[in-house]
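[1] The sequence isn't on hand, but the structure is:
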C-alpha cells in the first residue's frame, strides 16, 4: 500500500463482519477477539502485479495456559496440580513473576504441604516473560473435630436446644445417620416438642473435609407425673382432705402449702403442682373442683 503497510490485522470470528479489517493497536490485547492471532502478508493484487504464487506460510502462536486444575486435600499432605497450554511445554513456579521453574509438564506434584499454597503455571519458554502466569491453588483444609454433650434428658412435650462446637468449618445437624439434607447448619439446634426418645446426628464440614463419622446426640424424654383431676363434694360446715395421690415428689398447692394433702373448708377450685425428683424436675398439675352441698333447712 501507499503507507508501506506490511501486514493486515483481521477481525476475530466474534467481531463485526467476517473477513473485515480490525483496527488494533500495534501490540493488541493480551487475550480475546482483539488479540493478534497471526499475520497476512500482502502479495500484490493490483493491476499489473505479477501472478501470486505462494510457496509457504507461517503460523505464529502466542504461548498461553488454556486451563488449570486446582486440588484440595484434607489435612497436610501432597497434591497434584494440572494445567494445559497451546504449546508443548508448561513451566511451574512458586511466584507470579521471576524465579526459576520448579517443575515442567502438564502436572505438578507438590512437596508435603501444611497449609494452602499457590503455584503458578506458565507456557512461555524459559528466558521469555509472558506476564500472564496462571495461579493454581493447592488447598489444605483441616478435618473438623466436634465437641458436644452426647446424652441429654428433657421432660416430655417440651423442646430443648442442643449445642456443639467445631475446630474448623461448620456443623450440620441431621435426623438420621444417612440423611443427606441437614435440618439446620450452625452450632445449635432447637428441637420440636418431643414425646419420645429421639436421636440427632451432627457432622463437621470444612470446605469438603468432613469430621470422622457422624456423632449421635441422644435425647431422653422423661415422662411427667401422671395425674387425674377430681371433682369432689363438700358438705356445709364440714372439712375435706385433698390428696395429691403421688408419693416421693414435691408439692406446691394453690394455697401455698407443700404437703401431700391439704384440708379445706370451702368450695372452689384447688390445684397442686407435682414435680418429680429428677434433675430435670418434670412437673404436672392436678386440679380439684369442689362443690358444696348445703345442710337441709327444716322449716317446721
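    Yep, it's here. Computed from a predicted model, the values in this text were never measured in an experiment.

[2] quick one: low-confidence parts of this structure?
    Low-confidence segments of the chain (pLDDT under 70): 1-28, 30, 33-45, 52-60, 126-131.

[3] Closest to the centroid, which residue in it?
    With distances taken as Cα atoms, centre = their mean, residue 170 lies nearest the centre of the chain, 5.9 Å away.

[4] ok, the nearest residue to residue 235 once chain neighbours are set aside - contacts?
    Nearest non-adjacent residue to residue 235, counting by Cβ to Cβ, 6 or more residues apart in numbering: residue 293, 5.3 Å away. Where C-beta positions appear, they are placed from N, C-alpha and C, glycine not excepted. For residue 293, the contact set (Cβ atoms under 8 Å, 6 or more residues apart in numbering) comprises 233-236.

[5] Which ChimeraX command selects the buried ones in these?
    In ChimeraX, selecting the buried portion of those, with burial taken from 16 or more other Cβ atoms under 10 Å, looks like this:
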select :234
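
[6] ok, whichever strand or helix holds residue 67: who's next to it in the sheet?
    Using DSSP states H and E, the element containing residue 67 is strand 65-69. Applying DSSP bridges, strand 65-69 is found paired with strand 80-85 (antiparallel).

[7] which residues sit against the partner strand?
    With contact meaning Cβ under 8 Å, 6+ apart, strand 80-85 is reached by 63-71, 90, 92, 106-110, 119, 121, 123, 134, 136, 138.

[8] Separate out the buried members of the residues you listed.
    Applying 16+ other Cβ under 10 Å to these flags 63-65, 68, 71, 90, 92, 108, 110, 119, 121, 123, 134, 136, 138 as buried.

[9] Out of those residues, flag the one nearest to residue 270.
    residue 71 (73.6 Å; Cβ to Cβ).

[10] where's the closest one relative to residue 165, distance?
    Using Cβ to Cβ, to the nearest Å, residue 71 is found at 29 Å from residue 165.

[11] In contact with residue 120, which residues?
    92-96, 133-136 are the contacts of residue 120 under Cβ under 8 Å, 6+ apart.

[12] got those as a markdown table, with secondary structure and distance to residue 258 columns?
    As requested, the contacts of residue 120 are arranged in a markdown table below (DSSP: H, G, I helix; E, B strand; the rest coil; distance: Cβ to Cβ, whole Å):
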| residue | secondary structure | distance to residue 258 |
| --- | --- | --- |
| 92 | strand | 80 |
| 93 | strand | 81 |
| 94 | coil | 77 |
| 95 | coil | 78 |
| 96 | coil | 78 |
| 133 | coil | 81 |
| 134 | strand | 78 |
| 135 | strand | 74 |
| 136 | strand | 74 |
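
[13] Can you give me every residue that contacts the residue nearest to the centre of the chain?
    185-186, 204-206.

[14] Can you tell me which of those are buried?
    204-206.

[15] Strands - which of the residues you listed land there?
    204-206 (DSSP state E).

[16] Take those and lay them out in a markdown table including distance to residue 219.
    A markdown table is the format used below for those (distance: Cβ to Cβ, whole Å):
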| residue | distance to residue 219 |
| --- | --- |
| 204 | 20 |
| 205 | 23 |
| 206 | 26 |
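
[17] Which one of the residues you listed is nearest to residue 50?
    Relative to residue 50, the closest of those is residue 206; by Cβ to Cβ it sits at 72.3 Å.
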